[in-house]
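>>> give me coordinates for this.
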Amino acid sequence: MHIKLTREQQRFWKRILIVDDYNDITTTFKAAIEYGNDANKRIEVYTANDPVVALSEFKPNFYDLLLVDINMSRLNGFELCEKIFAIDINIRVCLMSSGEINWEALREMYPTRQEGCFIRKPITIDSLLKRIRSELD
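Sure thing, here's the model as predicted:
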């Protein structure tokens, strides 16, 4: 069933794309974000477990935030972000990693940006939600 929203209701909707090659991560993060969020600020979460598929299906000016794992097969998070920035320069990105972060590579990727959003896995649901809210506000 599809519910039609008024313009007032639509302005509270945000869209997040999570790209991680582990289905457990995308499923858990999606559920945490959708169900742990303020009902007045609805968030739709889309997921992809293959970065190549995520890139091929990426829609510019559609997503408000992109959560991307750095260490993925076929296309790593840095490469994916570089290609997505070529499509949508305004997309906000949070990079995620359970390993060590190559800060030099990050500085090269974001030379004109602030430090950016980085999520270290594992992360508590509360910390994840706080980080997402701060990026979307």
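>>> run through the protein and note the low-pLDDT ranges.
Low-confidence segments of the chain (pLDDT under 70): 1-12, 38-41, 101-103, 105-107, 109-116.
>>> ranges for the strands of it?
For the chain, the strands defined by DSSP state E occupy 14-19, 43-48, 65-69, 92-97, 117-120.
>>> now, of the ones you listed, which is deepest in the fold?
When these are scored by mean count of other C-beta atoms under 10 Å, the highest mean neighbour count falls to strand 65-69 (a mean of 24). Quick note: C-beta positions are derived from backbone N, CA and C, even for glycine.
>>> okay, angle between that one and strand 43-48 too, please.
Between strand 65-69 and strand 43-48, the angle comes out at 30 degrees (axes from the mean of the first three to the mean of the last three C-alpha atoms, to 10 degrees).
>>> how far off strand 14-19 does strand 65-69 point, in degrees?
Using the same axes, to 10 degrees: strand 65-69 against strand 14-19 is 10 degrees.
>>> neighbouring strands for strand 65-69, and are they parallel or not?
Take DSSP bridges as the rule and strand 65-69 pairs in its sheet with strand 14-19 (parallel), strand 92-97 (parallel).
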